[in-house]
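*Asks:* pasted the sequence and its predicted model underneath.
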Amino acid sequence: MLARDIMHRDVVTVTPETPLGAIARLLVEKRFGAVPVTDGTGALVGIVSEADLLHREELGTERRRNRWLDAFASIEALANAYRSAHGQLARDVMARSVVTAGPDVPLPEIVELMERRHIRRVPIVEARPDGSERLVGIVTRGDLVRALATLVPACPAPTTDRALTDRRIRDMLLAELARQPWTDKAEGNVTVLDGVVHLWGPVTNEAEARALVTAAEGIPGAVAVRDHTFVACWGADPVML
């Protein structure tokens, strides 16, 4: 799936001249976490998020700076901090460097972008001949969850007449594990009997064990998973009996 497949197309925006009071009410009423800022041509010029409204003089939450540290701060940084706390328009507080993506960017790249940049939303833009970027949509974490809800059934489809045999279930699971860098489970550590997957042998840690169970549960036809694995102490000396 691509960004265009799940993005919101009717994006609510504000202009650089929109008062912050109006933006705050918009975030509350629409339950938004942020709102894009566009100019008169529809080009994306910034974004105002809840975080941009936290340190305000009106709330008494303006950043209290150490005068000794101020001596080492740049004039630009000090001026921007003052503007963020005292400004009254979107242009005073908006983030101007916005992480964006195009409509044809695959969803895995969108997710990776969100995780790497620690953001909850990605504006979707299209380049125009003049070099500016026209806002055409937005993808949020909520959009990704809704997409998942439409793709994954609430209850696994029941299998009939054991169409997927135990051998097929085992082969599918082993193929899935072979693609993963976090495990090296051998064939002898996976058995399937009457649709029940049994996992055996040592694992590196509990995270690997949980991931193995997740992988097994995702195989069509698997009716249950039994985890018999144990965390190996690779560096321990053998016990003499």
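*Replies:* Noted; the coordinates are in hand. Numbering: from 1, shown residues only.

*Asks:* for whatever helix or strand residue 149 lives in, buried residues please.
*Replies:* With elements taken from DSSP states H and E, the one containing residue 149 is helix 141-151. Residues of helix 141-151 classed as buried: 143, 144 (neighbour count, 16 or more other CB atoms under 10 Å). The C-beta positions use only the backbone N, C-alpha and C, and glycine is treated the same way.

*Asks:* also stretch 97-107?
*Replies:* Quick answer for stretch 97-107 (16+ other CB under 10 Å): 98, 100, 101, 103, 105, 107.

*Asks:* closest to residue 119 out of those residues?
*Replies:* Residue 119 has its nearest neighbour among the buried residues of stretch 97-107 in residue 98, at 9.4 Å by CB to CB.

*Asks:* burial of the nearest residue to the closest one once chain neighbours are set aside, as a residue count?
*Replies:* Closest residue to residue 98 apart from its sequence neighbours, by CB to CB, 6 or more residues apart in numbering: residue 47 at 5.1 Å. The local packing of residue 47 (other CB atoms under 10 Å) involves 25 other residues.

*Asks:* ok, now residue 190?
*Replies:* Residues near residue 190, counting by other CB under 10 Å: 20.

*Asks:* that one bridge partners, please.
*Replies:* residue 199 (DSSP bridges).

*Asks:* does it touch residue 201 like I think?
*Replies:* No. Contact criterion CB atoms under 8 Å: residue 190 and residue 201 do not qualify, at 9.0 Å.

*Asks:* so what sits against both of those two?
*Replies:* Shared contacts of residue 190 and residue 201 (CB atoms under 8 Å, 6 or more residues apart in numbering): none.

*Asks:* could you list the buried residues of stretch 169-188?
*Replies:* 169, 170, 172, 173, 177, 185.

*Asks:* with just CA atoms, put that stretch into PDB.
*Replies:* What follows is stretch 169-188 as a C-alpha-only set of coordinates in PDB (Å, rounded to 0.1, in the frame of the first residue of the first chain):
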ATOM      1  CA  ILE A 169       1.900 -25.200   8.500                       C
ATOM      2  CA  ARG A 170       5.400 -26.200   9.600                       C
ATOM      3  CA  ASP A 171       6.900 -25.400   6.100                       C
ATOM      4  CA  MET A 172       5.300 -21.900   6.100                       C
ATOM      5  CA  LEU A 173       6.600 -21.200   9.600                       C
ATOM      6  CA  LEU A 174      10.100 -22.300   8.800                       C
ATOM      7  CA  ALA A 175      10.100 -20.200   5.700                       C
ATOM      8  CA  GLU A 176       9.000 -17.200   7.700                       C
ATOM      9  CA  LEU A 177      11.700 -17.700  10.300                       C
ATOM     10  CA  ALA A 178      14.300 -18.200   7.600                       C
ATOM     11  CA  ARG A 179      13.700 -14.600   6.500                       C
ATOM     12  CA  GLN A 180      14.200 -13.100  10.000                       C
ATOM     13  CA  PRO A 181      17.600 -11.900  11.200                       C
ATOM     14  CA  TRP A 182      16.700 -12.300  14.900                       C
ATOM     15  CA  THR A 183      16.500 -16.100  15.000                       C
ATOM     16  CA  ASP A 184      18.200 -19.200  13.600                       C
ATOM     17  CA  LYS A 185      15.700 -21.800  14.600                       C
ATOM     18  CA  ALA A 186      16.500 -25.200  12.900                       C
ATOM     19  CA  GLU A 187      13.900 -27.500  11.500                       C
ATOM     20  CA  GLY A 188      14.200 -29.900  14.500                       C
END
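
*Asks:* quick one, domains of this protein?
*Replies:* With domains defined by automatic domain parsing, the chain comprises 3-150, 166-231.
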